[in-house]
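>>> Here is my input; please provide its structure:
(chains A, B, C and D)
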Protein chains: 2
Amino acid sequence: MQISSRFTLAVHIIACIDTFKDEYKVTSDFLAGSTNVNPVIIRRILGQLKAAGLVEITRGSGGAAIARPLDQISFLDIYRAVECIENGELFHFHENPNKECPVGRNIHLVMDDRLHRVQCAMEKELSSITLEDVQKDIKKVL
Amino acid sequence: MQISSRFTLAVHIIACIDTFKDEYKVTSDFLAGSTNVNPVIIRRILGQLKAAGLVEITRGSGGAAIARPLDQISFLDIYRAVECIENGELFHFHENPNKECPVGRNIHLVMDDRLHRVQCAMEKELSSITLEDVQKDIKKVL
DNA sequence: TTTATTGTAATGATTTATGTTACAACATGA
DNA sequence: TCATGTTGTAACATAAATCATTACAATAAA
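Below you'll find the predicted structure:
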């Protein structure tokens, strides 16, 4: 199963907030226009980004702003903010393998560390990419 | 979203086939017993593993066997055999970002390469782990 | 021919993702 | 104070994916 579009959407949102911060009040409706996604979806993701300390949102008068320098916001920060993974585990196990069977009894023991290595490799790469990298490229295109 | 338990289940299945190949005829019912998963689910996964050339299945008389040396079966082989990911892309994008918006127009351009790097890091790690590694540990426990 | 097994269709329950409407809470300017 | 625009969130709907389960034809071998 693919990783939810909430992640790419969240990156898009932060890129938008930064790009238009001086020209527009960046509201959920504004962001809905750029992403072609329902404003409520935007607000939900903004809420998660806010909970993670990545953005600030002004209630009532409206508008979102980025809460820290872009070079201090990594893809991993965003991924963790919006991806609701059970216990933070990337891989899902079948429940209740048979404890009577030597394989069923030990399948976790022999896989957990290895799967953790895989997850770490992915997260390490995610953490090496910042929103500043992305914004540099966007500004280059403009 | 987590990666489907089909993956860990498939590893479990291959580990079982190898562990019990000399003592039992390893049928879908037998594997269902070790995994605590419905035999039809097992057969579907076995079918995917067979399509990927990882196992051989005997119809009628029954029983599964491993099709190549365990050190030539990596986690990546199994992952690709059972994970049905659209176009092989790990990350999912929201459809139709607004082409009128400079961010919407370029979001793919500035993210695709980077996300590809993340996916490669994960797949590289998956490819470095073989079923032989797993079986060594299982035999160590027995 | 009997038996055990695989391959697969059909169906259902559950979960997750995403979209949508609606509205109270809130901030601000008139 | 009031009107307006916005956020936060509940409620509900739809679609897709996962996993389970029953059923049965096709197959192989005793």
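>>> ok, the residue in chain A that DNA strand D sits nearest to to chain B distance?
In chain A, the residue that lies nearest DNA strand D is A:Gly62 (2.4 Å; C-beta to the nearest atom of the strand). In short, each C-beta sits where N, CA and C put it, glycine included. According to C-beta to the nearest C-beta, to the nearest Å, A:Gly62 stands 19 Å off from chain B.
>>> now that residue, what's its secondary structure?
coil (DSSP: H, G, I helix; E, B strand; the rest coil).
>>> Enumerate every residue touching it.
Going by C-beta atoms under 8 Å, 6 or more residues apart in numbering or on different chains, A:Gly62 touches A:Lys25, A:Thr27, A:Ser28.
>>> repeat for A:Lys50
Contacts of A:Lys50 (C-beta under 8 Å, 6+ apart): A:Glu56, A:Ile57.
>>> so where does it fall, helix or strand?
helix A:39-51 (DSSP states H and E).
>>> now that helix, how far from the chain's geometric center?
11 Å (C-alpha atoms, centre = their mean, to the nearest Å).
>>> residues contacting A:Ala15?
A:Leu131, A:Val134, A:Gln135, A:Ile138, B:Val103, B:Ile107, B:Val110.
>>> hmm, 7 Å instead?
A:Leu131, A:Val134, A:Gln135, A:Ile138, B:Val103 (C-beta atoms under 7 Å, 6 or more residues apart in numbering or on different chains).
>>> try A:Arg59
No residues are in contact with A:Arg59 under the rule C-beta under 7 Å, 6+ apart.
>>> Please apply the same query to A:Asn38.
Taking C-beta under 7 Å, 6+ apart, one finds A:Ala32 in contact with A:Asn38.
>>> ok, now how distant is the residue of chain A found nearest DNA strand C from A:Asp22?
Closest approach between chain A and DNA strand C, counting by C-beta to the nearest atom of the strand: A:Gly60, at 1.9 Å. Between A:Gly60 and A:Asp22 the computed distance is 22 Å (C-beta to C-beta, to the nearest Å).
>>> ok, A:Glu83 - how many residues close by?
17 (other C-beta atoms under 10 Å in any protein chain shown).
>>> Kindly report the same for A:Glu132.
15.
>>> tell me which element it falls in.
Assigned by DSSP H and E, A:Glu132 falls in helix A:131-141.
>>> just checking, what packs against that helix?
The elements that helix A:131-141 packs onto, with contact taken as 3 or more C-beta pairs under 7 Å, 6 or more residues apart in numbering or on different chains; DSSP states H and E, are helix A:5-20, helix B:102-127.
>>> near DNA strand C at all, the shortest one?
Yes - for helix A:5-20, a contact with DNA strand C is found by C-beta under 7 Å from any atom of the strand, at A:Ser5, A:Arg6.
>>> Name the residues of chain A found near DNA strand C, please.
Checking chain A against DNA strand C by C-beta under 7 Å from any atom of the strand, the hits are A:4-6, A:37-41, A:58-61, A:84, A:86.
>>> Turn the contacts of A:Ala15 into CSV, including neighbour count and pLDDT.
Formatted as CSV, the contacts of A:Ala15 follow (neighbours: other C-beta atoms under 10 Å in any protein chain shown; pLDDT from 0 to 100):
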residue, neighbour count, pLDDT
A:Leu131, 24, 98
A:Val134, 24, 98
A:Gln135, 18, 98
A:Ile138, 20, 97
B:Val103, 27, 97
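>>> which two in the residues of chain A next to DNA strand C are spaced the farthest apart?
The span of the residues of chain A next to DNA strand C, defined through C-beta to C-beta, is set by A:Ser61 and A:Glu86 at 37.1 Å.
>>> Alright, that wraps it up for me.
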